[in-house]
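> Quick check, what structure comes out for this input:
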Amino acid sequence: MKCVILAAGYATRLYPLTENFPKPLLKVQDKTILDWLLADIDSAGCVDQYIVISNHKFAPHFREWAAGHTLPISVVDDGTESNETRLGAVRDIQFAIDELGLLDDLLVIAGDNLLDFSLTGFIAYAREKGTSCIMRYYEPDMNKLHKTGVAEIDENGLIIRMEEKPAEPKSHWCTPPFYFYKVADVPLVKKGIESGCGVDAPGSFMAWLAAQTPVYTYEMPGKRYDIGNLESYQKVQETYHGIEA
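Numbering: from 1, shown residues only. I've put the predicted structure just below:
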């Protein structure tokens, strides 16, 4: 299995911290955000390559970081140099698939989120289901539902319908950017783009995919920390202490 890490954004809301430095390499406590994520994922022992998708501006920072690791990390430069010219998350995923010839199960994650629970449970769930899968959590705040992916699910956790940033949310199940692509579904990323699925938010492809083939949802057993601005970064510095036992 390969782990694809989405890290090609420009994090403009975190300026000046990220004006010339990538958000996933900001430190929380004594580790970078990416180091927290990779240390957990690698404990599952099932990933044989980590692929960081970067923009051209920040690729040297990621290459320097990767060079200090013993993990098998590849950095893919998508060639963009500004927020205005970015490819969007779904096109970045397809770029990495084409660049590296990826045809394997893929764990696709945002490189700028932290979790207080292990992703190994999500990986085990996806393997048990034998399908592509996403994570979900219950969000009571209607205003927040307008800004994220929202899924309608059946009693078994199967997606009935999913929509990114809905004007009228049909459920309270949010879908954060952590996905498992079954190998058979990897070639469908290109088809999804060609069919007109959104490309900016990574959940747009999963919403499209769920209408083509079964996609199940894993309820998060803990909390996600989304570092979106300077205030949230300061807060996570004060409250995050790693995966809770």
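> From now on I want contacts and neighbour counts done on CA atoms only, so please keep to that.
OK.
> which residues touch residue 59?
75, 76, 77 (Cα atoms under 8 Å, 6 or more residues apart in numbering).
> Extract the C-alpha set from stretch 157-174 and format it as PDB.
Extracted in PDB, the C-alpha atoms of stretch 157-174 (Å, rounded to 0.1, in the frame of the first residue of the first chain):
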ATOM      1  CA  GLY A 157     -22.100   2.900   7.000                       C
ATOM      2  CA  LEU A 158     -22.400   2.800   3.300                       C
ATOM      3  CA  ILE A 159     -22.600   6.200   1.500                       C
ATOM      4  CA  ILE A 160     -26.000   6.800   0.000                       C
ATOM      5  CA  ARG A 161     -25.000  10.300  -1.200                       C
ATOM      6  CA  MET A 162     -22.200  12.700  -0.500                       C
ATOM      7  CA  GLU A 163     -21.700  16.400  -1.300                       C
ATOM      8  CA  GLU A 164     -18.900  18.900  -0.800                       C
ATOM      9  CA  LYS A 165     -19.800  22.200   0.900                       C
ATOM     10  CA  PRO A 166     -23.600  21.700   0.500                       C
ATOM     11  CA  ALA A 167     -25.900  24.700   0.500                       C
ATOM     12  CA  GLU A 168     -28.500  22.500   2.300                       C
ATOM     13  CA  PRO A 169     -26.700  19.700   4.300                       C
ATOM     14  CA  LYS A 170     -28.700  16.500   4.300                       C
ATOM     15  CA  SER A 171     -27.000  15.000   7.300                       C
ATOM     16  CA  HIS A 172     -24.600  15.900  10.100                       C
ATOM     17  CA  TRP A 173     -21.800  13.400   9.000                       C
ATOM     18  CA  CYS A 174     -18.700  15.400   8.000                       C
END
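> burial of residue 48, as a residue count?
For residue 48, the count of nearby residues is 12 (other Cα atoms under 10 Å).
> I misspoke; the intended subject was residue 16.
11.
> ok, and it, which helix or strand is that part of?
Residue 16 belongs to no helix or strand when assigned by DSSP states H and E.
> how much space is there between it and residue 218?
36 Å (Cα to Cα, to the nearest Å).
> cool, residue 226 as well?
Counting by Cα to Cα, the gap from residue 226 to residue 218 is 18 Å.
> pLDDT at the residue located most distally from the centre of the chain, what is it?
Most distant from the centre of the chain: residue 155, at 25.1 Å, with distances by Cα atoms, centre = their mean. We have a pLDDT of 95 for residue 155.
> gap between it and residue 138?
Following Cα to Cα, the distance that separates residue 155 from residue 138 is 15 Å.
> and if you look at residue 52?
29 Å.
> ok, those two, which is more surrounded?
residue 52 (26 against 14).
> what sits against the more buried one?
4, 5, 6, 7, 62, 73, 74, 75, 76.
> Is it part of a helix or strand, or is it coil?
strand (DSSP: H, G, I helix; E, B strand; the rest coil).
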